[in-house]
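A.B. asks: Structure for the following, please:
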Amino acid sequence: MSTETPAAEPKTPKLTPAEKHKAESKHLRGSIANVLADDGKKGFPVGDQTILKVHGLYEQTNRDDRKSGAQFMIRIMAPGGKMTSKQWLVLDQLADDHTQNHSIRLTTRQAVQFHTMVKGDLKPLITRVHQALMTSWATCGDVQRNVMASGAPFASPIHNQVQQIADQLSRKLAPQSGAYHEIWLDGQKIDGNTGCPVCVGDTAKNGGNEEPFYGENYLPRKFKVGIGLADDNAVDIFTHDAALIAIPEGGTIKAVNVLAGGGLGMTHRIEETIARLGSTLGSVPVEKAADAIRAIATVYRDNGNRSDRRAARTKYLLESMGVDGFRAAVEKAGNFTFAPALPTGEIKYQDYIGAHAQGDGKFFYGVWIENGRISDVGDFKLRSAMRQITSTIAPRIVLAPNQQLFFADLTAEQVKQIEAALAGHGCATPANLSNARRYAMACVALPTCGLALAESERALPDILTTIEKELAARGLQDERLTIRMTGCPNGCARPYTADLAFVGRKPEVYDIFLGGRIEGTRLAELYLENVAVDDLMAKLAPVFDAWGKERVKGETLGDFYNRKYAGGATRTLINGGKEKQAYLTIFGQPA
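C.D. replies: Now for the predicted structure:
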C-alpha cells in the first residue's frame, strides 16, 4: 500500500465580487427594473451598480453635498465621435430637462456625459436618447467601450474608411443581451440600419445563446479600442487595450497595424500597477481588422485576471505572456497569422482648432472647449452658442478625442457665422487661446467622481492662468506643450503621455509628471511626489527656467526633458516598470 501523500488539487483563484455580480445578473438584468420602480431616493445595491455600468450608468454622490442622495452619470455613445445636429439638439434639451447642473460634457473618448441626474430621470432620458437613434449601451463596464477614431472630418476616402472601420469594430463586440431594451425601453428594439450605434443581436440566430461571445462573466475589465492615422493621432493610439493604425496606400487603406496592451490607469505606490504603451503585434489586411480586435478580446476574455481587478486589464496579460506569447495566442484565437508590421511614417498630432478646408470645396471648424464642459455660466455661454449653430446651420458634427468637436460640411459664409456666434457668446477662438490652455485636458474629478482624490476640472483653469504668466515671463508662450490633470492615478485625461501632468494624490496635493509627448509616443516620468497645489509653480519654475535657456529651437518641454535629463528613452512602462525614475535630482529639486 502506498504511503505517498496525494498531490494537492490546484487552487481555483478566488473571483472578485464583480465577477460574482456579473455571473448572477441574468445577462445584465439584476434587480435594476425593481429598483427603478421604487420612487424613493434610495440608490441601487452594489451588484446592480456593477452591471449598470454596461448600461452606461454610474451611481455617484455629490461630494459637495452628500446629503443630496444618489445621483447618476450617464454616458452616450458616438463611435468615432459621429453625431448629427438634430441629435445634438436632443442632448441640449436633455441637459435642461434631466440634469441639475444643466451642462453637457465631452469625454476624452469621443462620447458625451451627463452628470447630476436623479433616479427618476434615468428612464425618460434613455427613452429620448433611443428615439434620437443614440444609446448609452456598452459605454461603460466590462465590455468594449465607445470605439475611438481619428476625428478630423476631411472629405477623403481614407478618413471615411477609418470611420467605417470604427463602426465595424463597434458592432463586432457589442453585448447582445436584451436587458437594455427590456428595462429602459419597455422592450422596444431598433433595427441596426436606422443608425443605432450598436444593435441587439437576435437570440434565435445565436442558437438561443444571449451572449455568444461574452458569456455570463463578460470581460475581466474594460476594453478600450481605437483606430487612428499616423498623421492624426489625437486618439492616443498607443494607450488602448487594442488598437489599429491605418496604413494608407494609393488613396485607400489596404492594411492596418494591430496593437495591444496599452492603458494608463494605475494606483499610487503599488508598483504592480502600471501605465503602458501598446505593443505592435503585426499587420493584417483591412478586411480582417475587426476580426483581429475580436481575437485580442477573446484571448483577454479567456486569460485575463478575474481575481484582482487592479491587475485585470489587457496590459497585465500581455506583460505576463510576453509580446511573442500574446501574439501567438491571438493568432490561434483568430485562426490567422500576422504579417510583419508596416512602416507608419512619423506619428503626428494636430487638434485642427479653427477653420480648415475639407478637400471637397467645403470647410470644417474645430471648436475649443475647456475640459469638454459645455455650459452657460455668466458671460460665457457655450451651450447657447452651440444651440444657435446647430439649429440655424445644422452642420454635421464629429466629437474629437481631446474634448473638442468639429462642425463639418460648411460654406465659407457658414464659417463666418460660427465664428460670430462663438465670439458673441464669449467663447474662446484660436486667436485668444494660449498654447498652454489650447492643448490642456482635465478629468471631471470632484464633486461627482467617487474615485477622485483631488480637484481636476475645477482646478486646472486657474493653474493654467498662472502657468501662462510663468511661460510668458520666459518667452515660452508660443511653445507647444500638453498639460493634463487628473484627480486620481486612473488617468482618464491621459496625463501620462503629456509633457507636463498633475495627478491627484490627496486633497490639494499632486504628483508631477514630466517628459511625455503631444504625439502620444512616449510616457512621462514621475518627477515629484506629494506637491501641495500652492507649491506647484515654485516646483515648476526651475523646470521652465532650464527649458527656456537650454532648449533647442522648437524643442517641446517633454523632448527637452528627455534629451537633457532622461537620456531620451522611449518608455513603455511607468510606476511598476523597469524604466521608473522617481525623485530625480534635477532642476535644483531635492531627491
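
A.B. asks: from here on, contacts and neighbour counts on C-alpha atoms
C.D. replies: Noted.

A.B. asks: Not counting sequence-adjacent ones, nearest residue to the residue nearest the centre of the chain?
C.D. replies: For the chain, the residue nearest the mean C-alpha position is residue 109 (3.4 Å; C-alpha atoms, centre = their mean). Excluding its sequence neighbours, the residue lying closest to residue 109 (C-alpha to C-alpha, 6 or more residues apart in numbering) is residue 401, at 5.5 Å.

A.B. asks: Next, that neighbour: phi, psi?
C.D. replies: phi -70, psi 0 (degrees, to the nearest 10).

A.B. asks: Dump stretch 118-133 to CSV, keeping only the CA atoms.
C.D. replies: Presented in CSV, the C-alpha positions along stretch 118-133 are these (Å, rounded to 0.1, in the frame of the first residue of the first chain):
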residue,chain,number,x,y,z
VAL,A,118,-31.6,61.6,-10.1
LYS,A,119,-33.1,58.1,-10.4
GLY,A,120,-36.4,59.2,-11.7
ASP,A,121,-34.7,60.9,-14.7
LEU,A,122,-32.9,57.9,-16.0
LYS,A,123,-35.6,56.0,-17.9
PRO,A,124,-37.1,59.2,-19.5
LEU,A,125,-33.7,60.3,-20.6
ILE,A,126,-32.7,56.9,-22.1
THR,A,127,-36.0,56.7,-23.9
ARG,A,128,-35.3,60.1,-25.6
VAL,A,129,-31.7,59.2,-26.4
HIS,A,130,-33.0,56.0,-28.0
GLN,A,131,-35.6,57.9,-30.0
ALA,A,132,-32.8,60.1,-31.4
LEU,A,133,-31.0,56.9,-32.6
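
A.B. asks: pLDDT below threshold where in the stretch 101-250 of the chain?
C.D. replies: Along the stretch 101-250 of the chain, segments meeting pLDDT under 70 span 189-208.

A.B. asks: just to revisit the earlier point, distance of the residue nearest to the centre of the chain relative to residue 77?
C.D. replies: Relative to residue 77, residue 109 is positioned 9 Å away (C-alpha to C-alpha, to the nearest Å).

A.B. asks: List the residues that are in contact with both of those two.
C.D. replies: residue 146 (C-alpha atoms under 8 Å, 6 or more residues apart in numbering).

A.B. asks: quick one, strands of the stretch 201-350 of the chain?
C.D. replies: All strands of the stretch 201-350 of the chain, identified by DSSP state E, counting those that start in this stretch, fall at 225-229, 242-249, 252-260, 275-276, 279-285.

A.B. asks: Output those strands as TSV; include the columns mean neighbour count and distance to residue 505.
C.D. replies: Listed next are the strands of the stretch 201-350 of the chain as TSV, based on neighbours: other C-alpha atoms under 10 Å; distance: least, C-alpha to C-alpha, whole Å:
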stretch	mean neighbour count	distance to residue 505
strand 225-229	28	28
strand 242-249	24	29
strand 252-260	23	29
strand 275-276	29	16
strand 279-285	20	29
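
A.B. asks: who wins for proximity to residue 367 among the ones you listed?
C.D. replies: Using C-alpha to C-alpha as the measure, strand 225-229 is the one of the strands of the stretch 201-350 of the chain that comes nearest residue 367, at 20.5 Å.

A.B. asks: how much does that closest one deviate in direction from strand 242-249?
C.D. replies: On the basis of axes from the mean of the first three to the mean of the last three C-alpha atoms, to 10 degrees, strand 225-229 is oriented at 20 degrees to strand 242-249.

A.B. asks: Strand 225-229 to strand 252-260, inter-axis angle?
C.D. replies: Interaxial angle of strand 225-229 relative to strand 252-260 (the same axes, to 10 degrees): 130 degrees.

A.B. asks: outside of strand 225-229, which residues touch it?
C.D. replies: With C-alpha under 8 Å, 6+ apart, strand 225-229 has contacts from 144-150, 162, 165-166, 234-235, 237, 240-247.

A.B. asks: contacting residues for the residue nearest to residue 109?
C.D. replies: By C-alpha under 8 Å, 6+ apart, the neighbours of residue 401 are 81, 107-110, 148-151, 234-235.

A.B. asks: Widest-spaced pair of the residues you listed?
C.D. replies: Pairwise over those, using C-alpha to C-alpha, the maximum falls at 107 and 150, 14.6 Å.

A.B. asks: Which one's more surrounded, the two?
C.D. replies: Between residue 107 and residue 150, residue 150 has the larger neighbour count (other C-alpha atoms under 10 Å), namely 30 against 26.

A.B. asks: Which residue, neighbours along the chain excluded, lies closest to the more buried one?
C.D. replies: residue 228 (5.0 Å).

A.B. asks: Tell me the spacing between the residue nearest to residue 109 and residue 236.
C.D. replies: Residue 401 is 8 Å from residue 236, by C-alpha to C-alpha.

A.B. asks: what's the answer for residue 145, then?
C.D. replies: Residue 145 is 15 Å from residue 236, by C-alpha to C-alpha.

A.B. asks: so where's this structure uncertain?
C.D. replies: Using pLDDT under 70, the chain drops low at 1-12, 40, 189-208, 567-591.

A.B. asks: Any idea how far the helix or strand containing residue 124 is from the middle of the chain?
C.D. replies: In the assignment (DSSP states H and E), residue 124 maps to helix 119-131. Counting by C-alpha atoms, centre = their mean, to the nearest Å, helix 119-131 is centred 24 Å from the centre of its parent chain.

A.B. asks: Can you name the element that comes right after the helix or strand that contains residue 529?
C.D. replies: Per DSSP H and E: residue 529 is located in strand 525-532. Once strand 525-532 ends, the next helix or strand along the chain (criterion: DSSP H and E) is helix 536-550.

A.B. asks: tell me the angle the helix or strand just after that next one makes with strand 525-532.
C.D. replies: The C-terminal neighbour of helix 536-550 among helices and strands, as given by DSSP H and E, is helix 557-565. Angle of helix 557-565 versus strand 525-532, following the same axes, to 10 degrees, is 110 degrees.

A.B. asks: Could you give me the buried positions within helix 557-565?
C.D. replies: Burial within helix 557-565, assessed by neighbour count using 16 or more other C-alpha atoms under 10 Å, is assigned to 557-563.

A.B. asks: Stretch 356-365 too?
C.D. replies: 356-358, 362-365.

A.B. asks: now stretch 500-511
C.D. replies: 500-506, 508-511.

A.B. asks: tell me the two of these that are most distant?
C.D. replies: Spatially, the most separated pair among the buried residues of stretch 500-511 is 500 and 506, at 18.8 Å (C-alpha to C-alpha).

A.B. asks: number of nearby residues for residue 93?
C.D. replies: Using other C-alpha under 10 Å as the criterion, the residues surrounding residue 93 number 13.

A.B. asks: any idea how far it lies from residue 269?
C.D. replies: The value you get for residue 93 to residue 269, if C-alpha to C-alpha is used, is 44 Å.

A.B. asks: hey, what's residue 356 bridged with?
C.D. replies: The partner list for residue 356 in beta bridges (DSSP bridges) reads residue 364.

A.B. asks: In contact with it, which residues?
C.D. replies: 363-365.

A.B. asks: Kindly report the same for residue 129.
C.D. replies: Contacts of residue 129 (C-alpha under 8 Å, 6+ apart): 90-91, 135-136.

A.B. asks: how near is it to residue 137?
C.D. replies: Distance from residue 129 to residue 137, by C-alpha to C-alpha: 11 Å.

A.B. asks: Need the three-state assignment for residue 116.
C.D. replies: Three-state assignment for residue 116 (DSSP: H, G, I helix; E, B strand; the rest coil): strand.
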